[in-house]
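Asker: kindly generate the corresponding structure for this input.
(one chain, ligands or ions: 1)
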Amino acid sequence: MWDVIVVGARCSGSSTAMLLARAGHRVLVVDRATFPSDVVSTHFLWPHGASYLNRWGLLDDVLAVTPSHTSIEMVTDGIPLSGTVPLPLLERYFDELHGDDHGVVQTYTSVRRRVLDQILIDAADAAGAEVRTGFTVDELLFDDEQRVIGVRGHGRDGETVEEHARIVVGADGRNSFVARTLDLPKFDERPRCTFAYWSYYEGTPVEHARLHRRGRLAMASVPTNFGQTMNLVYGPSEWAAAFRRDIAGNFAKAVDFISPEIGAELRSAQRVERFYGTLDQSAYLRPLSGPGWVLVGDAESFKDQCTAMGMTHAFRDAELVSAALCSWLGGDQPLEIALKEYEARRRSQSAAAYYDYVCTLAEMRPPRHEELRMFLALRDNQAETDRFLATHGDVAPLSDFFEASNLFLLDGGMRESSSRDYPIFDDFEATSRMYRRNPFIEP
Ligand SMILES: Cc1cc2nc3c(=O)[nH]c(=O)nc-3n(C[C@H](O)[C@H](O)[C@H](O)COP(=O)(O)OP(=O)(O)OC[C@H]3O[C@@H](n4cnc5c(N)ncnc54)[C@H](O)[C@@H]3O)c2cc1C
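Answerer: Presented below is the predicted three-dimensional model:
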């Protein structure tokens, strides 16, 4: 009998298994995949994502093979902002959510999943969890009261194996087998999302992440492992079908439109892998826990990649759920109370507001005139730029940055800042109308 069985061994699963095993609990973590392997995901980590790895003693392993940086560049309709998430806000995030701020770093890094997920699995193994890869869970086991008491599955040899546990953690991604078997509903679904295509390039040394947006299209260009950069293009899902008719051609067209400089860079670089892509990133929430089970990561809540937050939130869930399960397994509180605490933190007002923010951004509406004026005002105010980055990156609550007094201050800045250098303001209505047209079907 295991204390905990974790289904899925990537960002949320291996981290949960590692933290529970480090606390001395008997943990089995399984995954049908074999590792190292990639998964449909890019790999930009915000500073609080890197901070989780640092808190767990794994960041050095990542940074030994992965470039990192401490500032990012965001360019919206030609208006550049760059900055870094402030340390005090990072410390406050960890204090409020986890009760301590040890290990906080201001590091951004983009670690390829075949590298990161292997580091996480190795850490779970080193902590004493039993790791079984190439093992598919086919059934959940229930007792007479419909409480989950284990899993039935098979390894590569095809032999059926049954394992029992006091609780099963579903860390098995957006198409979660655990959630489907339990027939869990999805709620607050947001069908409008982005399509995203990306690939890897050599010969474009890039020192920090560049996140560019123009109209309804955006791209990320980040340094990653093996001396490569990852370049990703995304846009509204209703443009996906037209984009897909010529992926390579439309990728180049999109980059040239979003950032002619990066377009020129990529023309002189070499693409070293095929294009990867995804068409459907519609967001949802699922119930968090029930008799004998609990969900973490994408299994519990998936959302669009447009703010690159999924891995960091998977790490957050791993810390929250393992703390809850440790307090129950250690006899400090009943399971139901411990899981209520997990739920309260996961379903805070701040988390709900951020979910809404991501889903709204994922509609990829062209930025409004007043949003762009706000970016102009931020240009002259580094402290507020950093606070905006922290808000966009879910380190600080949206309600703090977007509170009335702050917007009033920025409004003053907007009046003073000059729009002369930014062609978008020359004829805003005409440009914005042009940005609404799908460039992959219209000249
Ligand atoms: C296009 C795209 C780009 C993204 N870019 C970023 C980014 O830049 N930064 C970021 O932070 N996030 C990004 N994300 C989100 C991120 O990839 C996910 O949030 C993250 O992978 C979730 O981790 P997870 O452990 O919950 O699930 P997953 O990574 O999906 O892992 C689930 C695991 O469960 C296993 N599994 C499933 N069913 C079973 C079964 N029956 N038996 C055994 N094993 C099973 C699977 O094999 C898999 O390994 C992106 C997502 C997409 C789609």
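Asker: ok, which residues in the protein are in contact with the ligand?
Answerer: Neighbours of the ligand within the chain, by C-beta under 6 Å from any ligand atom: 7-8, 10-13, 30-33, 39-44, 136-137, 171-173, 177, 196, 278, 281, 297-299, 305, 308-312, 314. Heads up, the C-betas are built off the backbone N, CA and C, glycines and all.
Asker: buried subset of the residues you listed?
Answerer: Among the residues of the chain next to the ligand, those buried by neighbour count (16 or more other C-beta atoms under 10 Å) are 7-8, 10-13, 30-33, 41-44, 137, 171-173, 177, 196, 278, 281, 297-299, 305, 308-312, 314.
Asker: output the longest helix anywhere in the chain in CSV with nothing but the alpha carbons.
Answerer: Assignment by DSSP state H gives helix 310-329 as the longest helix of the chain. Coordinates of the C-alpha atoms in helix 310-329 are reproduced here as CSV (Å, rounded to 0.1, in the frame of the first residue of the first chain):
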residue,chain,number,x,y,z
GLY,A,310,1.4,26.5,-17.2
MET,A,311,4.6,25.1,-15.9
THR,A,312,4.9,27.7,-13.1
HIS,A,313,1.3,27.0,-12.1
ALA,A,314,2.0,23.2,-12.1
PHE,A,315,4.9,23.9,-9.7
ARG,A,316,2.7,26.0,-7.5
ASP,A,317,0.1,23.2,-7.4
ALA,A,318,2.8,20.7,-6.5
GLU,A,319,3.9,22.8,-3.5
LEU,A,320,0.3,23.5,-2.4
VAL,A,321,-0.9,19.9,-2.7
SER,A,322,2.1,18.3,-1.2
ALA,A,323,1.9,20.6,1.8
ALA,A,324,-1.8,19.7,2.2
LEU,A,325,-1.2,16.0,1.9
CYS,A,326,1.8,16.1,4.2
SER,A,327,-0.3,17.8,6.9
TRP,A,328,-2.9,15.0,6.5
LEU,A,329,-0.4,12.1,6.3
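Asker: show me the domain layout of the chain.
Answerer: For the chain, the TED database gives the domain ranges 2-45+108-188+282-354, 194-278.
Asker: pLDDT of the longest one, averaged?
Answerer: The one in question is domain 2-45+108-188+282-354. For domain 2-45+108-188+282-354, mean pLDDT is 97.
Asker: do you know how far Gln333 is from the ligand?
Answerer: In this view, Gln333 and the ligand are 25 Å apart by C-beta to the nearest ligand atom, to the nearest Å.
Asker: and that residue, how far from Glu341?
Answerer: Applying C-beta to C-beta, to the nearest Å, the value for Gln333 to Glu341 is 8 Å.
Asker: now swap in Val395 and tell me
Answerer: From Val395 to Glu341 the distance is 22 Å (C-beta to C-beta).
Asker: tell me which of the two has more neighbours.
Answerer: Each of Val395 and Glu341 has its neighbours counted (other C-beta atoms under 10 Å); Val395 has more, 22 against 14.
Asker: surely that one and Ser51 touch.
Answerer: No - counting by C-beta atoms under 8 Å, Val395 sits too far from Ser51 to count as a contact (9.4 Å).
Asker: between those two, which contacts overlap?
Answerer: Residues within reach of Val395 and of Ser51 at once, by C-beta atoms under 8 Å, 6 or more residues apart in numbering, are Leu90.
Asker: SS state for Ser14?
Answerer: Classification of Ser14 by DSSP: H, G, I helix; E, B strand; the rest coil places it in helix.
Asker: heads up, I number from 432, so please use that
Answerer: Sure thing, new numbering starts at 432, so read that last one as Ser445.
Asker: so who does it touch?
Answerer: By C-beta under 8 Å, 6+ apart, the contact set of Ser445 is 437, 460, 548, 551-552, 554-555, 562.
Asker: for the residues you listed, give me TSV that also has neighbour count and secondary structure.
Answerer: Supplementary listing: these in TSV, determined by neighbours: other C-beta atoms under 10 Å; DSSP: H, G, I helix; E, B strand; the rest coil:
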residue	neighbour count	secondary structure
Val437	34	strand
Val460	31	strand
Asp548	26	helix
Leu551	30	helix
Ile552	23	helix
Ala554	23	helix
Ala555	25	helix
Val562	25	strand
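Asker: nearest to Ser668, of the residues you listed?
Answerer: Proximity of the contacts of Ser445 to Ser668, judged by C-beta to C-beta, is greatest for Asp548, which lies at 26.9 Å.
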